[in-house]
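J.: Sequence below, structure please.
(2 chains)
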Protein chains: 2
Amino acid sequence: MAFDSLSNLVEVAALKGRKRIAIAMAQDGDVLRAVKSASDAGFIIPILVGDRQKILDAAEEATYDVSGIEIIHEPDQQNACVCAVRLIHENKAELLMKGLVSTSVFVRAVLDKDRGLLEGSLLSHLAFFETPYYHKVLCVTDAALNIHPDLNEKADIVRNAIRMFHRLGIPNPKVAALAPVEIVNPKMEATVHADLLAQMNRRGQITGCIIEGPLALDNAVSLESAKHKGITSEVAGQVDILLTPDLNSGNILYKSLNFLGGAVSAAIVAGARVPVVLTSRADRPESKLLSMALASIM
Amino acid sequence: MAFDSLSNLVEVAALKGRKRIAIAMAQDGDVLRAVKSASDAGFIIPILVGDRQKILDAAEEATYDVSGIEIIHEPDQQNACVCAVRLIHENKAELLMKGLVSTSVFVRAVLDKDRGLLEGSLLSHLAFFETPYYHKVLCVTDAALNIHPDLNEKADIVRNAIRMFHRLGIPNPKVAALAPVEIVNPKMEATVHADLLAQMNRRGQITGCIIEGPLALDNAVSLESAKHKGITSEVAGQVDILLTPDLNSGNILYKSLNFLGGAVSAAIVAGARVPVVLTSRADRPESKLLSMALASIM
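T.: Predicted coordinates for the structure are as follows:
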């Protein structure tokens, strides 16, 4: 898959055939509208978990005819999340999606030691952007889940991202470990972590990618900017994955691209046995559809 | 001044007449090209401090005829900075600009207790953006100087920004104290600080502005996004000043807008007795010119 655009994700997903997706607390008009679009596009078979009557009401509001669609009545939000996760365990569903439930409750069910879905050491958020200001899809991680990751956690966030890129058929993605500057400054933890991650890559501790760091965002996305700073790197101007130093910066970058950058985005959560779709209320309908398509392809 | 665009800054600056600007370590082609443009536009009279021969060489490279322009020969970078600062003290210059010298050396001269220019309690960086995705000029602070400001420092960063807005003739700017989420989460320092800053504003500890926080970036710039989250605030969708939680996030926002957001920017350093121009090598020539115009107007 050439990954220079998000616009063909839906088409590619449809070609790969329908995947069953378990939606925890599906009683939300926006979520059901996206589910309807994905179903109409031919790449999912939904299983709606939550309060049956509320699901029916929300479906009506979304003008979504859910007759013939499996609904599992589970009014309690915690139980609904556990139930959706169980559907994955029992191979009754291949994808998982969050509905009208707080992220923390949902994530807890996914992380549960005995009955959860954690595959690596942590869950992390991957956002993919098609922006008019860059020549290929840019991935930002982590904009939603890990507040202040330490070095080990950052290494695992990178590994989660790499695994997803490999699943997309991109063998050796270029990763920029971001910091405010491109030099090592012991007073800026981000620069120290970024250097260490690059070294872990060179020493074979993080494989299947090329990591450069520290890079400031401009050095990562612009070869000209990197040259200005005297940086020679095959990542500069060719980056695929932007590892942000922390949630403050990841979230601001995510929202800057979406709200002040004219970008289109899709997002998934990696680190679980299956790709997890976790969209937010503020996401555009298009983003929700693209996120489901992305999860489906992976 | 209506502040919905940066494009008329040069014109406004020229109307206000020429200001004398002291440039520390002026021997840089890019800096001198910007100085030439500002001089041609009619709003500055440069005083070039640094190594005379290197300045002459750089001026030649920049096709800038510096005959008739005051050059103060001071080859040592530290002394050159001290000398430029002294020109302000002696009222021989009204504006200060950094040339080919590291930010830390330059800032040290500005911060010097006896002979420096510090007016408030700290220096902070203000970047002003004209972006195709927002209806007026957006200010981001701090993208360059304060690494991990505590609550008091953030209050002073806001005060520095307010003072600059007042000088621009905008009496009551709207400030968003940014965080990854719009709720208070004790595990996220940014949300706690943002709430406290908003309260300090309501209690009259920070005046001359309206502060709302915590706001995520989308809530700050989009009324629709704020409504999605149930937030009613006169800052939402009308924000003038984005206070970022720290340097990691401020710097990434600054670079995202410039390199992945099609924005035009100008930047100054506030907190000194006079506005300070501190551009970076990677800044576009247009940005350097606009930054000088902005400083000149203030």
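J.: where do the strands sit along the stretch 151-298 of chain A?
T.: In the stretch 151-298 of chain A, the segments counted as strands under DSSP state E, counting those that start in this stretch are A:174-178, A:210-215, A:241-243, A:264-270, A:276-277.
J.: who does the shortest one touch, helix- and strand-wise?
T.: Packing partners of strand A:276-277 (3 or more CB pairs under 8 Å, 6 or more residues apart in numbering or on different chains; DSSP states H and E): strand A:95-98, strand A:264-270, helix A:285-297. Every C-beta, even on glycine, is put in place using the N, C-alpha and C of the backbone.
J.: Need the strands of the stretch 151-298 of chain A in JSON lines (columns: distance to A:P285 and mean pLDDT).
T.: Formatted as JSON lines, those follow (distance: least, CB to CB, whole Å; pLDDT from 0 to 100):
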{"stretch": "strand A:174-178", "distance to A:P285": "30", "mean pLDDT": "98"}
{"stretch": "strand A:210-215", "distance to A:P285": "34", "mean pLDDT": "97"}
{"stretch": "strand A:241-243", "distance to A:P285": "25", "mean pLDDT": "98"}
{"stretch": "strand A:264-270", "distance to A:P285": "12", "mean pLDDT": "95"}
{"stretch": "strand A:276-277", "distance to A:P285": "14", "mean pLDDT": "96"}
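J.: Residue ranges in chain A under the pLDDT threshold?
T.: Within chain A, the stretches with pLDDT under 70 are A:1-2.
J.: Save the strands of the stretch 151-298 of chain A as a markdown table, and put in mean neighbour count too.
T.: Listed next are the strands of the stretch 151-298 of chain A as a markdown table, based on neighbours: other CB atoms under 10 Å in any protein chain shown:
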| stretch | mean neighbour count |
| --- | --- |
| strand A:174-178 | 27 |
| strand A:210-215 | 26 |
| strand A:241-243 | 28 |
| strand A:264-270 | 25 |
| strand A:276-277 | 26 |
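J.: closest to B:E182 out of those strands?
T.: Of all the strands of the stretch 151-298 of chain A, it is strand A:264-270 that lies closest to B:E182, at 18.6 Å by CB to CB.
J.: what angle do that closest one and helix A:285-297 make?
T.: Interaxial angle, strand A:264-270 versus helix A:285-297 (axes from the mean of the first three to the mean of the last three CA atoms, to 10 degrees): 40 degrees.
J.: Run the chain-centre distance for strand A:264-270.
T.: 3 Å (CA atoms, centre = their mean, to the nearest Å).
J.: quick revisit: quick one: closest of the strands of the stretch 151-298 of chain A to B:I162.
T.: Closest approach to B:I162 among those (CB to CB): strand A:174-178, 29.7 Å.
J.: Direction included, what does that closest one pair up with?
T.: Here strand A:174-178 has these sheet partners by DSSP bridges: strand A:210-215 (parallel), strand A:241-243 (parallel).
J.: Residues in a beta bridge with A:P46, which ones?
T.: Where A:P46 sits in a bridge, its partners, by DSSP bridges, are A:I21.
J.: how about the residues of the stretch 1-150 of chain A that lie near chain B?
T.: Residues of the stretch 1-150 of chain A lying close to chain B (CB under 8 Å from any CB of the partner chain) are A:131-134, A:138, A:143-144, A:147.
J.: which two in those are spaced the farthest apart?
T.: Spanning the widest gap among the residues of the stretch 1-150 of chain A next to chain B are A:P132 and A:I147, at 30.8 Å by CB to CB.
J.: okay, those two: which has more neighbours?
T.: A:I147 (17 against 12; other CB atoms under 10 Å in any protein chain shown).
J.: is it true that that one lies in a helix?
T.: No: using DSSP: H, G, I helix; E, B strand; the rest coil, the secondary structure at A:I147 is coil, not a helix.
J.: In the stretch 1-150 of chain A, which residue sits nearest chain B?
T.: At 4.7 Å from chain B, A:Y133 is the closest residue in the stretch 1-150 of chain A, using CB to the nearest CB.
J.: What is the burial count for the closest residue to A:I157 other than its chain neighbours?
T.: Of all residues not flanking A:I157 in the chain, A:S124 sits nearest, at 4.5 Å (CB to CB, 6 or more residues apart in numbering or on different chains). When neighbours are counted by other CB under 10 Å, A:S124 registers 28.
J.: Switch the strands of the stretch 151-298 of chain A over to TSV; also include distance to B:H166.
T.: Formatted as TSV, these follow (distance: least, CB to CB, whole Å):
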stretch	distance to B:H166
strand A:174-178	34
strand A:210-215	37
strand A:241-243	37
strand A:264-270	37
strand A:276-277	47
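J.: Contacts only, for the residue of the stretch 51-200 of chain A found nearest chain B.
T.: Residue nearest to chain B within the stretch 51-200 of chain A: A:P180 (3.7 Å; CB to the nearest CB). Residues counted as contacts of A:P180 (CB atoms under 8 Å, 6 or more residues apart in numbering or on different chains) are A:188, A:190-191, A:216, B:143-144, B:147, B:247-248, B:250-252.
J.: Looks like the residue of the stretch 1-150 of chain A closest to chain B contacts A:L260 (just checking).
T.: No: the criterion here is CB atoms under 8 Å, and A:Y133 misses it with A:L260 at 11.4 Å.
J.: Quick check: neighbours shared by these two?
T.: Joint contacts of A:Y133 and A:L260 (CB under 8 Å, 6+ apart) are B:G261.
J.: which of those two has more neighbours?
T.: Shown here are A:Y133 and A:L260; by other CB under 10 Å, A:L260 has more neighbours (26 against 19).
J.: What's the separation between that one and chain B?
T.: Using CB to the nearest CB, to the nearest Å, A:L260 is found at 5 Å from chain B.
J.: contacting residues for that residue?
T.: B:131, B:133-134, B:138, B:217, B:221, B:256-257, B:261, B:263.
J.: picking up where we left off before, confirm the residue of the stretch 1-150 of chain A closest to chain B sits in a strand?
T.: No: applying three-state DSSP, one finds A:Y133 to be coil, outside a strand.
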